[in-house]
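Visitor: Structure here, sequence nowhere to be found:
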């Protein structure tokens, strides 16, 4: 039996649970994975061969190396698409089995496909662009950790643009995690922390004024604004700022930014897809794929632990 690294007491006994409840299911489905990989490789190879044959025909008839080259690139892209299309079902099934096992163990809820998510507070706090023309959400994770409610979703936000001919293109303005988390004690104003823009830093953001951070290291990384300067400095102590940097690293993300409003902490961090099953070339029982997802889920506990271990602030910082 493999012993997973869990870091948090809430996951004690998970290795035994996984070995008893999940591992046998993965063993039983591993032959399906192997077959899907073989079919995917075969289908991708056949697709590439057909398109490359077309490219060769075009070149022989026209001697146009440019067209042949572009078709050749298209052949490899098509092969990649065919492989992923054929292995999609087993990949998503594996992801569902592992993620649901982990989050179910601690009483959380995982929803892979969601139609909507309220981003109004994220926009009001300048954590994502105000105007978004197209959006998609997936992989919602929700529950309670140490009595604090939270929800996290993966978001892909895009803006539309048109050229002089009216042709439409889409530009990604955010791809990553959006998270809301109950804050242990109520705040009296709004406080936001954005990435430092150097000479382009503003003195104000809406009704919020610039807050100087105590630690010069974080002052170089972030720019903070708030409606209550004293409260903002109390909230954004070096320990809290370090934990947010650690959270960014834990999810292999970048450009983390966050804000407080009333009793809620809003976090936006740019990441690649989370909770993915990993390569289908490896056995479904490979511990690494489960450990990766376990670490990503554990990152939620990291930030909740830090918040709840903070000394309780007075009813008002003055």
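Guide: Received the coordinates, thanks. Keep in mind that this is a model prediction, so the values were computed, not measured.
Visitor: all helices of the stretch 1-150 of the chain, in order?
Guide: Using DSSP state H, counting those that start in this stretch, the helices found in the stretch 1-150 of the chain span residues 14-17, 23-62, 65-105, 120-124.
Visitor: Let me know which of the ones you listed is the nearest to residue 263.
Guide: Proximity to residue 263 (C-beta to C-beta) singles out helix 120-124 among the helices of the stretch 1-150 of the chain, at 12.2 Å. Any C-beta I mention is one placed from the backbone N, CA and C, and that applies to glycine too.
Visitor: List the residues that contact residue 171.
Guide: 158, 159, 161 (C-beta atoms under 8 Å, 6 or more residues apart in numbering).
Visitor: want to try CSV for those, with pLDDT and distance to residue 113 as columns?
Guide: Formatted as CSV, those follow (pLDDT from 0 to 100; distance: C-beta to C-beta, whole Å):
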residue, pLDDT, distance to residue 113
158, 94, 18
159, 91, 24
161, 85, 28
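Visitor: still on that earlier bit, quick one: which of the helices of the stretch 1-150 of the chain is nearest residue 276?
Guide: helix 65-105 (6.3 Å).
Visitor: Point out the other helices and strands that that closest one packs with.
Guide: Packed against helix 65-105 by the contact rule (3 or more C-beta pairs under 8 Å, 6 or more residues apart in numbering; DSSP states H and E) you find helix 14-17, helix 23-62, strand 109-114, helix 287-309.
Visitor: go again using 6 Å as the cut-off
Guide: On a contact count with 3 or more C-beta pairs under 6 Å, 6 or more residues apart in numbering; DSSP states H and E, helix 65-105 meets helix 23-62, strand 109-114, helix 287-309.
Visitor: To residue 187, which of these lies closest?
Guide: Nearest of the helices and strands packed on helix 65-105 to residue 187, taken as C-beta to C-beta: helix 287-309 at 12.1 Å.
Visitor: what does stretch 122-142 contact?
Guide: 109-112, 114, 117, 151-160, 173-174, 192, 205, 257, 259, 266, 268, 275 (C-beta atoms under 6 Å, 6 or more residues apart in numbering).
Visitor: So among those residues, which ones count as buried?
Guide: Neighbour-count burial (16 or more other C-beta atoms under 10 Å) is assigned, among those, to 110, 117, 151-158, 173-174, 192, 205, 257, 259, 266, 268, 275.
Visitor: Could you count how many residues lie near the closest residue to residue 187 other than its chain neighbours?
Guide: Leaving aside its chain neighbours, residue 187 sits nearest to residue 260 (4.9 Å; criterion: C-beta to C-beta, 6 or more residues apart in numbering). For residue 260, the tally of surrounding residues (other C-beta atoms under 10 Å) stands at 23.
Visitor: Any idea what residue 260 is bridged to?
Guide: With DSSP bridges applied, residue 260 shows beta-bridge pairing to residue 191, residue 265.
Visitor: Could you list the buried residues of stretch 44-54?
Guide: Neighbour counts over stretch 44-54 (16+ other C-beta under 10 Å) mark 44, 47, 48, 51, 52 as buried.
Visitor: quick one: the second one and residue 81 touch, right?
Guide: In this case it means residue 47. No - applying C-beta atoms under 6 Å as the test, residue 47 and residue 81 come out as separate, 8.2 Å apart.
Visitor: between those two, what contacts are shared?
Guide: With C-beta under 6 Å, 6+ apart as the test, residue 47 and residue 81 reach no residue in common.
Visitor: residues in contact with residue 32?
Guide: Contact partners of residue 32, counting by C-beta under 6 Å, 6+ apart, are residue 90.
Visitor: Kindly report the same for residue 1.
Guide: By C-beta under 6 Å, 6+ apart, the contact set of residue 1 is residue 19.
Visitor: Check what pLDDT it gets.
Guide: On pLDDT, residue 1 comes in at 71.
Visitor: and if you look at residue 204?
Guide: 68.
Visitor: again with residue 186
Guide: Per-residue confidence at residue 186 stands at 69 (pLDDT).
Visitor: What of residue 303?
Guide: pLDDT, residue 303: 67.
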